[in-house]
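Undergrad: sequence and predicted model, in that order:
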Amino acid sequence: MPLNTEEVLRIAGDHLQELSGHKFDVLTVEPPVSPEAAVNLSKIVSKLSPILGNLIEFNVVEYLDDQDEFAGQGTWRRQDPGFPDAVFDGVVPQPGFEIKAWFPLSTEITARFKDSQNHFTDENTNVCMLAWLPEKILYGKPQIIDVVIVSGKSVAEARDNHYHNPPHYIVQEPENTENRTSNLQQTNTNGYRIQDPTEEQLRAAERLIASWGNDGHIYKPTPEYQAQLRELMNICNYRLDTNYAKMDRIVHPGLEAFKARVLGIETEGMTISQWANLFRASARAEAKLRKAIKAQETAEEKQDENALEAALRQIHAAEEEVRHADEHVARILEERLNIKEADADQLLE
């Protein structure tokens, strides 16, 4: 029997859930040769995320295409660029998955989700987020530790409901570009934050919103509501919010539960949340040091002796904080991961 869109998404989703525990053999981070080297590695290992994101997309498409249920029904294909990342050719409406990789030792889920609600009317696109870590926290093969799948429509709705709060914050749909070629069509929403409104502007904005009816504050991706929002934006000044639509801030129930679950996983004697907090303490100390050095440079440019003296005190305090934080990280890594001082010649092997 031919599969329909819902069945393709269900079967593919079940297989994607099975990826939890999967290791990628194409990349291995070697063990650090000393606790100090491990501290440095902890500050840069997250930079593997873009590489792993692409590897995961490739692997997901090949993995799904190998599943027996899809034989003779169609083929899975990766879209780059394009939305969603993986689509199934052979069924209408076309099923697909937007794939997001998350390294949970980073500060937050930095992936964004900006596509309009209007793209999910057929309920044919799901979001698959895969959390990954090296086998030994900082080194070894990358390993998927958990997977969550939620509907793309639910993510778009959660995002718009969370952000949209007129007149203070406005979510706006892309302009109609369906007559353009596919590479020039706009699909992403944007968020706009009000900028220094006067009391008169706020009163005028509230009067306008009240004229829209009892549900005027509720976001709608319709052309009529978007026209009303453009009228509102003519009353007050707005600026584009560059942090808009980060998935860590959407407050989607499924993604929030997934995040809590992942951060609660215990590995090498500590939860992932505890590992993340450990590494962040060192990162925050380094951020203070960078800020103090910048203040020193500014004071020197302005030849401000008082500001220079204050900056130098801040630098000294930040350097001490970095030292203590790094020593704490090194001690934990030595205890938990058994990272010992090794022969320096290993660095050149």
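TA: Perfect, I can see it now.
Undergrad: please make it C-alpha for all contacts and neighbour counts, starting now.
TA: OK.
Undergrad: any buried residues in the strand or helix carrying residue 97, and which?
TA: Element membership of residue 97 [criterion: DSSP states H and E] is strand 96-102. For strand 96-102, burial by neighbour count (16 or more other Cα atoms under 10 Å) applies to 96, 97, 98, 99, 100, 101, 102.
Undergrad: report all helices and strands that it contacts.
TA: helix 49-65, strand 86-89, strand 125-134 (3 or more Cα pairs under 8 Å, 6 or more residues apart in numbering; DSSP states H and E).
Undergrad: strand partners (parallel or antiparallel) of the second one?
TA: Spelled out, that is strand 86-89. Strands that pair with strand 86-89, judged by DSSP bridges, come out as strand 75-78 (antiparallel), strand 96-102 (antiparallel).
Undergrad: tabulate these (JSON lines), appending distance to residue 254 and mean pLDDT.
TA: Compiled in JSON lines, those are given as follows (distance: least, Cα to Cα, whole Å; pLDDT from 0 to 100):
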{"stretch": "strand 75-78", "distance to residue 254": "25", "mean pLDDT": "95"}
{"stretch": "strand 96-102", "distance to residue 254": "14", "mean pLDDT": "93"}
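Undergrad: closest one to residue 56 among the ones you listed?
TA: strand 96-102 (7.5 Å; Cα to Cα).
Undergrad: other residues contacting the closest one?
TA: Contacts to strand 96-102, defined as Cα atoms under 8 Å, 6 or more residues apart in numbering, come from residues 9, 49, 52-53, 56-57, 83-88, 109-111, 124-132, 152.
Undergrad: re the thing from before, just the helices and strands packed on strand 96-102: most buried one?
TA: Mean neighbour count, computed with mean count of other Cα atoms under 10 Å, is highest for strand 125-134 among the helices and strands packed on strand 96-102, reaching a mean of 23.
Undergrad: got the angle for it vs helix 49-65?
TA: Relative orientation of strand 125-134 with respect to helix 49-65: 120 degrees, computed using axes from the mean of the first three to the mean of the last three Cα atoms, to 10 degrees.
Undergrad: which strands or helices does strand 125-134 pack on?
TA: In terms of contacts (3+ Cα pairs under 8 Å, 6+ apart), strand 125-134 is packed against strand 96-102, strand 142-151, helix 152-163.
Undergrad: just the ones you listed: most buried one?
TA: With neighbours defined as mean count of other Cα under 10 Å, those peak in mean count at strand 96-102, which reaches a mean of 24.
Undergrad: pull that strand out as CSV, backbone CA atoms only.
TA: Once side chains and other backbone atoms are set aside, the C-alpha atoms of strand 96-102 remain, and they are given as CSV (Å, rounded to 0.1, in the frame of the first residue of the first chain):
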residue,chain,number,x,y,z
GLY,A,96,10.2,16.7,5.4
PHE,A,97,12.3,17.3,8.4
GLU,A,98,14.1,20.4,9.5
ILE,A,99,17.2,19.1,11.3
LYS,A,100,18.8,20.9,14.2
ALA,A,101,22.0,19.8,16.0
TRP,A,102,22.5,21.0,19.6
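Undergrad: next, the angle helix 152-163 makes with it.
TA: Between the direction of strand 96-102 and that of helix 152-163, the angle (the same axes, to 10 degrees) works out to 60 degrees.
Undergrad: quick one: distance of strand 96-102 to the chain centre.
TA: Taking Cα atoms, centre = their mean, to the nearest Å, the mean C-alpha location of strand 96-102 is offset from the chain mean by 11 Å.
Undergrad: could you do stretch 111-121 as well?
TA: Averaged C-alpha coordinates place stretch 111-121 at 15 Å from its chain's average position (Cα atoms, centre = their mean).
Undergrad: which of the residues in that stretch are buried?
TA: Neighbour-count burial for stretch 111-121 flags 113, 114, 115, 116, 117, 119, 120 (criterion: 16+ other Cα under 10 Å).
Undergrad: now these as TSV including pLDDT, secondary structure and distance to residue 187?
TA: Rendered in TSV, the data for the buried residues of stretch 111-121 read as follows (pLDDT from 0 to 100; DSSP: H, G, I helix; E, B strand; the rest coil; distance: Cα to Cα, whole Å):
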residue	pLDDT	secondary structure	distance to residue 187
113	94	coil	11
114	94	coil	8
115	94	strand	6
116	94	coil	6
117	94	helix	10
119	89	helix	8
120	93	helix	11
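Undergrad: ok, of those residues, which one's closest to residue 143?
TA: For these, the closest approach to residue 143 (Cα to Cα) belongs to residue 113, at 23.9 Å.
Undergrad: thank you, goodbye.
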